[in-house]
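Undergrad: pasting the structure only:
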């Protein structure tokens, strides 16, 4: 049970900490203050508690597809926040863009913690009535959370300590991957809810990299890897990356012109 | 006339529900799936109704089906799957993967 708890909590924390650390590092390089972070962390945890506490009601809403709708919405909102972030961040001398950056960072942190945190909470609180297992689960969860946060801290310092020009590029590359993965997952939720039509998988790479394997799990956390993706997922993945890339380029070009 | 209109309108609203995909029920008890083998027709959309009878939460997950859904303790959830080509599609409970194992067989 201990090892299982480590893996589950690590997976969830890793997803949130990856995106948060990249945001923070880019803000740091591009001279953005981080004072709003703490507030966002607290609000994220509160939202996670509320989502976990109401998950049964949410699940049965909209004829039993409430959870998929909420999760897809969270992913889409984070994607929109990413777009706003890459648009606004090069223009920090502009007051409105400074505000937009703060809003984008705060909403991303809140939403990412809400979604991943609620799963961790649901997993752990289930053991409150099972005293024999609660100890190991809390212990494993703490180790998993510690590992996940450490990876985030590592990525943060890695990007911040690169030569700023390279740091920005590494950060943007990671944001592109996050964006593709978020939107492909959002589409998957909508297919699961039967709001989008399911199709045959575009490819099956499960004999090359199995999603059950450690490599598969890591690639999922980093790239949103799927061994058997649907056509609509691949389209969403490519389109969201392209959109983010174009907005980022446009914003940098606009700044250089001024 | 108005009542007839209302009746027709309501009938049309209800129709997609009645004509919806077949529902297959799975229960989670003591971190096991009952049944642990679910036979469904190939190339047909199916609605799984997963009832979690345990006090602990569970996450229904399947890489082969591309599905994941958290089900709180003592509650239930719907998951749409398919249409699937004939084959075996394993699923598991992410929170208790040692025991909670099952498969969907499309034939």
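TA: On my side now, so go ahead. Small disclaimer: the values here were computed from a predicted structure and weren't measured. Numbers count the residues shown, from 1 in each chain, chains lettered A, B, ... in the order given.

Undergrad: can you confirm residue B:51 is in a helix?
TA: No: counting by DSSP: H, G, I helix; E, B strand; the rest coil, residue B:51 falls outside a helix, being strand.

Undergrad: what residues are up against it?
TA: Taking Cβ atoms under 8 Å, 6 or more residues apart in numbering or on different chains, we find residue B:51 in contact with B:25-28, B:76. For the C-beta atoms, the positions are set from N, CA and C on the backbone; glycine is no exception.

Undergrad: for residue A:238, give its distance to chain B.
TA: To chain B, residue A:238 is 18 Å away according to Cβ to the nearest Cβ, to the nearest Å.

Undergrad: got phi/psi on that residue?
TA: Dihedral angles of residue A:238 (phi, psi; degrees, to the nearest 10) stand at phi -70, psi -40.

Undergrad: let me know whether it touches residue A:184 as I believe.
TA: No: using Cβ atoms under 8 Å as the test, residue A:238 is too far from residue A:184 to be in contact (9.3 Å).

Undergrad: compare these two (neighbour count), which wins?
TA: residue A:184 (25 against 13; other Cβ atoms under 10 Å in any protein chain shown).

Undergrad: what comes up buried for the helix or strand hosting the more buried one?
TA: Using DSSP states H and E, residue A:184 maps to helix A:164-192. Using 16 or more other Cβ atoms under 10 Å in any protein chain shown as the test for burial, helix A:164-192 gives A:167-168, A:170-172, A:174-192.

Undergrad: following the helix or strand where residue A:108 lies, which helix or strand comes up?
TA: Take DSSP H and E as the rule and residue A:108 turns out to sit in helix A:95-125. As assigned by DSSP H and E, the chain's next helix or strand after helix A:95-125 is helix A:131-161.

Undergrad: average pLDDT for that next one?
TA: Mean pLDDT, helix A:131-161: 93.

Undergrad: chain center to it, what's the gap?
TA: 16 Å (Cα atoms, centre = their mean, to the nearest Å).

Undergrad: orientation of it relative to helix A:164-192 in degrees?
TA: 140 degrees (axes from the mean of the first three to the mean of the last three Cα atoms, to 10 degrees).

Undergrad: which residue ranges form the helices in chain B?
TA: Secondary structure of chain B, counting by DSSP state H: helices at B:2-18.

Undergrad: for it, give me the ranges with low pLDDT.
TA: Residues of chain B meeting the criterion pLDDT under 70: B:1-19.

Undergrad: at 50 what do you get?
TA: For chain B, the stretches with pLDDT under 50 are B:16.

Undergrad: ok, the most centrally placed residue in chain B - contacts?
TA: With distances taken as Cα atoms, centre = their mean, the residue of chain B nearest its centroid is residue B:48 (1.2 Å). The contact partners of residue B:48, by Cβ under 8 Å, 6+ apart, come to B:23-26, B:38, B:60, B:78-81.

Undergrad: show me which of these are buried.
TA: B:24, B:26, B:38, B:60, B:78-81.

Undergrad: how about the residues of chain A by chain B?
TA: Neighbours of chain B within chain A, by Cβ under 8 Å from any Cβ of the partner chain: A:4, A:8, A:55-56, A:59-60, A:63-65, A:67-68, A:119, A:122-123, A:125-127, A:129-130, A:188, A:191-194, A:198, A:200, A:206, A:210-212, A:216, A:226-230.

Undergrad: buried stuff in stretch A:23-43?
TA: Buried-residue list, stretch A:23-43, by 16+ other Cβ under 10 Å: A:23-30, A:32, A:36-37, A:40, A:43.

Undergrad: now render those as TSV, adding secondary structure.
TA: Shown next, in TSV, are those (three-state DSSP):
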residue	secondary structure
A:23	helix
A:24	helix
A:25	helix
A:26	helix
A:27	helix
A:28	helix
A:29	helix
A:30	coil
A:32	coil
A:36	coil
A:37	helix
A:40	helix
A:43	helix
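
Undergrad: residue A:76: which of the residues you listed is nearest?
TA: The closest of the buried residues of stretch A:23-43 to residue A:76 turns out to be residue A:23 (Cβ to Cβ; 17.3 Å).

Undergrad: for the closest one, report the pLDDT, please.
TA: 83.

Undergrad: for the residue lying closest to residue A:139 once chain neighbours are set aside, what are its contacts?
TA: Distance criterion Cβ to Cβ, 6 or more residues apart in numbering or on different chains; nearest residue to residue A:139, sequence neighbours excluded, is residue A:2 at 6.2 Å. Counting by Cβ under 8 Å, 6+ apart, residue A:2 touches A:136-137, A:139-140.

Undergrad: which one (most neighbours) among those?
TA: residue A:137 (25 neighbours).

Undergrad: ok, that residue to residue A:131 distance?
TA: As judged by Cβ to Cβ, to the nearest Å, residue A:137 and residue A:131 stand 11 Å apart.
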